[in-house]
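**Q** only the shape, not the letters, is given here:
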């Protein structure tokens, strides 16, 4: 594939969508340790189920507005009326089950934070704080284990494939493909 700037990227990056390219180049795979960002990506990955990431990414700002900047405490307090209003918001994905899951997942997110001190501590304890390096996978024993644990705790839309994509997005797994200009990680903890 020809890239306008001459920098080859992962096959999934759409060369015609600047927002998608910026996400690929500056965000995807970069280790995240901020709980608000971790919550945002967890919720967005859940909304992606059955859809493309590009679809979700194109609606990201609308999701931020609709979900109070992904403040997990505010989302955890949403009532039926708030969820019904979200289901009418044409700027986001209006799947009622996903909206309800986002609220319940926010509640479980809070429980995990209390148990581990932060969601960051919970997530990164699975790898001892290290980023793993692999590509061409959609699940792994790690995503299987985290998915099972999150489901046991009551989260929804956190199957192994969704969790694997989440781990890639927040930098627990570095998955830039061979041939991508970002294939070689910028840090040495891999």
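**A** Thanks, I have it. These numbers were taken from a predicted model, which means no experiment stands behind them.

**Q** average pLDDT for stretch 147-162?
**A** Averaged over stretch 147-162, pLDDT sits at 98.

**Q** could you shift the numbering so residue one becomes 12, and keep it that way?
**A** Will do, 12 is the new start, and the previous item becomes stretch 158-173.

**Q** that one spans what distance, first to last residue?
**A** 8 Å (Cα to Cα, to the nearest Å).

**Q** what are the buried residues along it?
**A** By 16 or more other Cβ atoms under 10 Å, the buried positions in stretch 158-173 come out as 158, 161-162, 164, 166-173. (Each C-beta comes from the backbone N, C-alpha and C, glycine too.)

**Q** pull the most distant pair out of the residues you listed.
**A** Within those, 164 and 172 form the most distant pair, 18.5 Å apart (Cβ to Cβ).

**Q** run a quick neighbour tally on the nearest residue to residue 111 once chain neighbours are set aside.
**A** Once flanking residues are discounted, residue 111 sits nearest to residue 94: 6.2 Å by Cβ to Cβ, 6 or more residues apart in numbering. For residue 94, the neighbour count with other Cβ atoms under 10 Å is 14.

**Q** what secondary structure does residue 94 sit in?
**A** Following DSSP: H, G, I helix; E, B strand; the rest coil, we place residue 94 in the helix state.

**Q** which of the three states applies to the residue nearest to the spatial centre of the chain?
**A** With distances taken as Cα atoms, centre = their mean, the chain has residue 52 as the residue nearest its mean C-alpha position (3.1 Å). At residue 52, secondary structure determined by three-state DSSP is helix.

**Q** try residue 99
**A** Following three-state DSSP, residue 99 is assigned to coil.

**Q** distance check, it against residue 56.
**A** When distance is defined by Cβ to Cβ, to the nearest Å, residue 99 is 23 Å away from residue 56.

**Q** would you map the helices across the protein?
**A** For the chain, applying DSSP state H gives helices covering 29-37, 46-59, 64-69, 71-77, 83-87, 91-97, 107-127, 130-136, 152-164, 171-180.

**Q** what's the closest of the ones you listed to residue 18?
**A** Across the helices of the chain, residue 18 has its closest neighbour in helix 29-37 (8.0 Å, Cβ to Cβ).

**Q** the inter-axis angle of that closest one versus helix 171-180?
**A** 70 degrees (axes from the mean of the first three to the mean of the last three Cα atoms, to 10 degrees).

**Q** so which elements touch helix 29-37?
**A** Here helix 29-37 touches helix 64-69, going by 3 or more Cβ pairs under 8 Å, 6 or more residues apart in numbering; DSSP states H and E.

**Q** for the helix it packs on, name the packing helices and strands.
**A** For helix 64-69, the packing partners by 3+ Cβ pairs under 8 Å, 6+ apart come out as helix 29-37, helix 46-59.
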